[in-house]
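S.K.: quick one, structure for this:
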Amino acid sequence: MKISTKGRYAIRLMLDIAQHSDGGNVSLKDVSKRQNISLKYLEQIVNMLSKAGFLRSQRGSQGGYKMLRRPEAYTIGDILRVTEGGLAPVSCLEDEVNRCPRVGMCPTIKLWEGLYDTVNKYLDGTTIADLMNNAEENNEDFCYYI
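M.R.: Now for the predicted structure:
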């Protein structure tokens, strides 16, 4: 499994908004400058996150984007599922029910299920707030390199 730039940038975007919102809106243009990510690419990502109910947009001079919940409520797993479409390491685990005709005799299915379970637990156990705390503990300036 490889996380695309879209997934990595979505996490950076959410971190940046959480760090710089101070209760208000954050300009996508400012995020673009701070994170050195193309504004056009961020617009695509923010559209996905807005449709998923993670962000709210507001137009106008005081416009921008704002998280709809606290940083503690956004798991990295949820963000990646929106941007990546799923986290399954093999195609037979992409659906809720494994429809592979070999599932009953597959000697590797437990391996893939274990990996999938571990990845989901780890990413669902890590929030935007956790990443913010890690950065603060390391005295980082919130230019994220994920």
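S.K.: give me the contact list for the helix or strand hosting residue 12.
M.R.: In the assignment (DSSP states H and E), residue 12 maps to helix 5-20. Around helix 5-20, the neighbours that count as contacts under C-beta atoms under 8 Å, 6 or more residues apart in numbering are 26, 30-31, 34-35, 37, 41-42, 44-46, 48-49, 54-55, 65-67, 71, 74, 76, 79-80, 82-84, 128-129, 131-132, 135, 142, 144, 146. C-betas here are computed from N, CA, C, even on glycine.
S.K.: tilt between whatever helix or strand comes next after that helix and helix 5-20?
M.R.: The helix or strand immediately downstream of helix 5-20 is helix 28-35, counting by DSSP H and E. On the basis of axes from the mean of the first three to the mean of the last three C-alpha atoms, to 10 degrees, helix 28-35 is oriented at 100 degrees to helix 5-20.
S.K.: quick one: list the elements packing against helix 28-35.
M.R.: Contact analysis of helix 28-35 by 3 or more C-beta pairs under 8 Å, 6 or more residues apart in numbering; DSSP states H and E lists helix 5-20, helix 39-51, strand 64-67 as its packing neighbours.
S.K.: avg pLDDT for the helix or strand where residue 132 lies?
M.R.: Here residue 132, judged by DSSP H and E, is contained in helix 128-137. Helix 128-137 carries an average pLDDT of 86.
S.K.: what's that helix in contact with?
M.R.: By C-beta under 8 Å, 6+ apart, helix 128-137 touches 11, 14-15, 18-19, 70-72, 74, 76, 79, 142, 144.
S.K.: just flag the most distant two among those.
M.R.: Maximum pairwise distance in the contacts of helix 128-137, criterion C-beta to C-beta, is 18.9 Å, between 70 and 144.
S.K.: look at the two and report which has more neighbours.
M.R.: Set side by side, residue 70 and residue 144 show more neighbours around residue 144, with 19 against 11, by other C-beta atoms under 10 Å.
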